[in-house]
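# Just a sequence and a predicted model for now, questions to come.
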Amino acid sequence: MTTYGLTDEHTMIADTVRSFVENEIYPHEDLVERTGEVPPDLAQQIKQKTIDLGFYACNFPESAGGAGLNHVEFSLVERELGRGSMALTHFFGRPQNILMACEGEQIERYRDPAIRGERMDALAMTEPGAGSDVRGMKCTAVRDGGDWVLNGTKHFISGADHADFLIVFVATGEDDTPRGPKKRITTFLVDRGHPGFTIRDGYKSVSHRGYKNMILDFDDCRLPDGAVLGEVDGGFAVMNEWLYATRITVAAMSVGRARRVFDYALDYAAEREQFGQKIGKFQGVSFQLADMITEIDAADLLTLACADRLDKGLPANREIASAKLFASECLARVTDAAIQIHGGMGLMDDYPLERFWRDARVERIWDGTSEIQRHIISRELLRALGA
Amino acid sequence: MKVLVPVKRVIDYNVKVRVKADGSGVDLANVKMSMNPFDEIAVEEAIRLKEAGKADEVVAVSIGVKQSQETLRTALAMGADRAILVVAADDVHNDIEPLAVAKILKGVIDEEQPGLVLAGKQAIDNDMNATGQMLAALTGWSQGTFASELDVDGDTATVTREVDGGLQTIKIKMPAIVTVDLRLNEPRYASLPNIMKAKKKPLDEKTPADYGVDVANRLEIVGTSEPEARAAGIVVGSVDELVEKLKEAGAV
Ligand SMILES: Cc1cc2nc3c(=O)[nH]c(=O)nc-3n(C[C@H](O)[C@H](O)[C@H](O)COP(=O)(O)OP(=O)(O)OC[C@H]3O[C@@H](n4cnc5c(N)ncnc54)[C@H](O)[C@@H]3O)c2cc1C
Ligand SMILES: Cc1cc2nc3c(=O)[nH]c(=O)nc-3n(C[C@H](O)[C@H](O)[C@H](O)COP(=O)(O)OP(=O)(O)OC[C@H]3O[C@@H](n4cnc5c(N)ncnc54)[C@H](O)[C@@H]3O)c2cc1C
């Protein structure tokens, strides 16, 4: 089936990633669900196969050793990866694009090994006291001689259990503005095991078993100037330049997962009989399916349209927020309806639906909650009118 | 040596097939189509021959609807060097029959002069299992069907065939037509760099008329029906119970 605006090449990229997920990820999902762990040899195997296929770090430009996919192509990769367990697809490595801000020695130490799959990264912004309100962060770095000394705690840091280094945002000062004090933020690169820096287990999450969130503690952690990514006090500039587009990832993954879930619901409705007929014959069921697929198609096209705007260099902040909001909420409705269509069996772990339903929950929270996306969308429209 | 690999666009093996209401065939509207899995194995084998230095060019050819282009692009992304599309039908439901396909392939062979044709043993849509054999008859070339092992050495090829009850190994003279079976190899995924390169590889478009072949169907499909539904299984508590049930069913 062709999709509006996609070429044969796009379809082939999507089909290849989909086959990969079906053959290399699906068979191991139950193990991860049961144990909450990804065995190291399995992680290595997924990573190596991804490297062999030339998909590792495919979001990076060719000049840096990536595959140079544009936003539409990369969204298709993310969409198909979204079908599979995040704990496992994590090793189909897509390092943070922000590493393109590396300069000088940072390139050989962080960026290139990350692209080659030799070192894994994780990104830390959130703190117990600062979630949506990123600027409210209390983690600080202060000057001491020629160095920086970091103190504070980050939490909910995904993938930090496997990370060889962290990209960390901390406050490096405060400006007085007419609207009150405003923190200045700087981005640092910190190696696992660096003195004064510890990574410990985070919370048990209902979503994405095996894809762990960790707590980072900085206790007089001393870093040189060379650890600053981008400019001192330039953390927001770095964020805006590179993290702007990562919300598309959540939208794209939500679409992929919703399609996988939909197929379960469709098949069940076509097979399960009650009252002497297939339950799909009841409008109460069939109309739910109609609404599900309509929403999924809409979310898919909205997401790809945002990616296309980025490829064309058009402003996309509002549109990306809409896609992230709509696709993640669509996934929530689709997983809920799929369970409803399965009746009691939908809740049982004989089917993966209860897992999809749990996994869906976080998509409305991370990378900016639904409320924050609505805030972005409405502010952009109203500010222009002076409201 | 040049290797020619015919590839067919068929309903994806994961798709649950639905018979059309009028029984004229299987519903192909809006379903996922892919390369016939046996043809994927043939493409893989051809690429391996090239990697081993035994072949210098792999040419994929597809005969069917215009959309078979996608199937050829997949072959190119796997590693084939160029492709030929023979547009022989407008309607996806119009399946070109093996004899017409074999005649067109004969035309392609006359033009391309390959040293080996590697084809799937059959297409999973209608399981005809005839094209390779017919092509061998039309060309007068040797044939090795149902290959689970292939070794090409100069002007001979050793083919291990999967036959009823075991394996048969034959030596055949090149040029040859070899049709491949499931266990020959495990086809690779298209790598990302090859997907990106595939678009730039040449894909020539032809028509059956270019080869002087009439593709009108000779066979008439009188009906298509779903296989009979299988009865649900039961879980037995012990070996004794299993034996008892089998006795009841007259199976032992
Ligand atoms: C499993 C998991 C993994 C994560 N991984 C990472 C990671 O790798 N790195 C990282 O830095 N962070 C990560 N996060 C953090 C994530 O981005 C935050 O959870 C998210 O930004 C929300 O912050 P919070 O949880 O502190 O909620 P809060 O910000 O405290 O929000 C609580 C509620 O208040 C609402 N709210 C807040 N402000 C407003 C407002 N202005 N208007 C209206 N409503 C508002 C929110 O929408 C929400 O409903 C992760 C989170 C989770 C759950
Ligand atoms: C945790 C749990 C505990 C339970 N405990 C008990 C118990 O103690 N004793 C007991 O007897 N049962 C128990 N049940 C069974 C429960 O009552 C059934 O699950 C429920 O009646 C639904 O039946 P079903 O799961 O077979 O779904 P189905 O009946 O197969 O329904 C599947 C879907 O089809 C829809 N559907 C079915 N018919 C129609 C129709 N005519 N029109 C429109 N839509 C239709 C349903 O709404 C649902 O969305 C329990 C179930 C669960 C999950």
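Looks like it arrived, so ask away. Ligands and ions are numbered 1, 2, ... in the order given.
# how does chain A divide into domains?
The record's domain parsing of chain A by automatic domain parsing lists A:8-96, A:121-241, A:243-383.
# Now do the end-to-end distance for the last one.
Using C-alpha to C-alpha, to the nearest Å, the end-to-end distance of domain A:243-383 comes out at 22 Å.
# returning to that earlier point: include mean neighbour count, distance to ligand 2 and mean pLDDT when you put the domains of chain A into CSV, please.
Heads up, the C-betas are built off the backbone N, CA and C, glycines and all. As requested, the domains of chain A are exported to CSV (neighbours: other C-beta atoms under 10 Å in any protein chain shown; distance: least, C-beta to the nearest ligand atom, whole Å; pLDDT from 0 to 100):
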stretch, mean neighbour count, distance to ligand 2, mean pLDDT
domain A:8-96, 20, 19, 96
domain A:121-241, 18, 18, 96
domain A:243-383, 19, 2, 97
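# so can I have CSV of those domains showing distance to B:Val86?
Formatted as CSV, these follow (distance: least, C-beta to C-beta, whole Å):
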stretch, distance to B:Val86
domain A:8-96, 18
domain A:121-241, 48
domain A:243-383, 33
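# What are the contacting residues of the helix or strand harbouring A:Leu382?
Following DSSP states H and E, one finds A:Leu382 within helix A:370-383. With contacts defined as C-beta atoms under 8 Å, 6 or more residues apart in numbering or on different chains, helix A:370-383 is touched by A:132, A:247, A:317-318, A:321-322, A:324-325, A:328-329, A:364, A:368.
# Then stretch A:65-75?
A:5-6, A:10, A:13, A:54-55, A:57-62, A:77, A:112, A:115-116, A:245, A:248-249, A:251-252, A:303-304, A:306-308, A:310-311, B:192-193, B:196.
# which ones among the residues you listed are found in helices?
A:10, A:13, A:77, A:112, A:115-116, A:248-249, A:251-252, A:303-304, A:306-308, A:310-311, B:192-193, B:196 (DSSP state H).
# coming back round to it: let me have the contacts of helix A:370-383 in JSON lines, adding distance to A:Gly256 and secondary structure as columns.
Below are the contacts of helix A:370-383 laid out as JSON lines (distance: C-beta to C-beta, whole Å; DSSP: H, G, I helix; E, B strand; the rest coil):
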{"residue": "A:Ser132", "distance to A:Gly256": "26", "secondary structure": "coil"}
{"residue": "A:Arg247", "distance to A:Gly256": "15", "secondary structure": "helix"}
{"residue": "A:Asn317", "distance to A:Gly256": "23", "secondary structure": "helix"}
{"residue": "A:Arg318", "distance to A:Gly256": "23", "secondary structure": "helix"}
{"residue": "A:Ala321", "distance to A:Gly256": "20", "secondary structure": "helix"}
{"residue": "A:Ser322", "distance to A:Gly256": "18", "secondary structure": "helix"}
{"residue": "A:Lys324", "distance to A:Gly256": "14", "secondary structure": "helix"}
{"residue": "A:Leu325", "distance to A:Gly256": "17", "secondary structure": "helix"}
{"residue": "A:Ser328", "distance to A:Gly256": "12", "secondary structure": "helix"}
{"residue": "A:Glu329", "distance to A:Gly256": "16", "secondary structure": "helix"}
{"residue": "A:Arg364", "distance to A:Gly256": "16", "secondary structure": "coil"}
{"residue": "A:Gly368", "distance to A:Gly256": "20", "secondary structure": "coil"}
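# now, which of those sits nearest ligand 1?
A:Ser132 (3.2 Å; C-beta to the nearest ligand atom).
# tell me the phi and psi of that closest one?
Per-residue torsions, A:Ser132: phi -60, psi -40 (degrees, to the nearest 10).
# what about the strands in the chain?
The chain I'm using is chain A. Along chain A, counting by DSSP state E, strands occupy A:121-124, A:140-144, A:147-158, A:165-177, A:180-191, A:197-201, A:213-223, A:228-229, A:273-274, A:277-278.
# please go with chain B instead
Going by DSSP E, chain B shows strands at B:2-6, B:9-11, B:33-35, B:57-65, B:82-89, B:116-120, B:142-153, B:156-163, B:166-173, B:176-180, B:203-206.
# what packs against the third one?
The contact analysis (3 or more C-beta pairs under 8 Å, 6 or more residues apart in numbering or on different chains; DSSP states H and E) places strand B:33-35 against strand B:9-11, helix B:68-78.
# Count residues in the vicinity of the residue of chain B found nearest chain A, would you?
Distance from chain A to each residue of chain B (C-beta to the nearest C-beta) is smallest for B:Leu192, at 3.8 Å. Using other C-beta atoms under 10 Å in any protein chain shown, the number of residues around B:Leu192 comes to 25.
# What separation is there between the residue in the stretch 1-150 of chain A that ligand 1 sits nearest to and A:Thr294?
Distance from ligand 1 to each residue of the stretch 1-150 of chain A (C-beta to the nearest ligand atom) is smallest for A:Gly131, at 1.7 Å. Noted for A:Gly131: a distance of 33 Å to A:Thr294, by C-beta to C-beta, to the nearest Å.
# repeat for B:Asn30
For B:Asn30 relative to A:Thr294 (C-beta to C-beta), the value is 15 Å.
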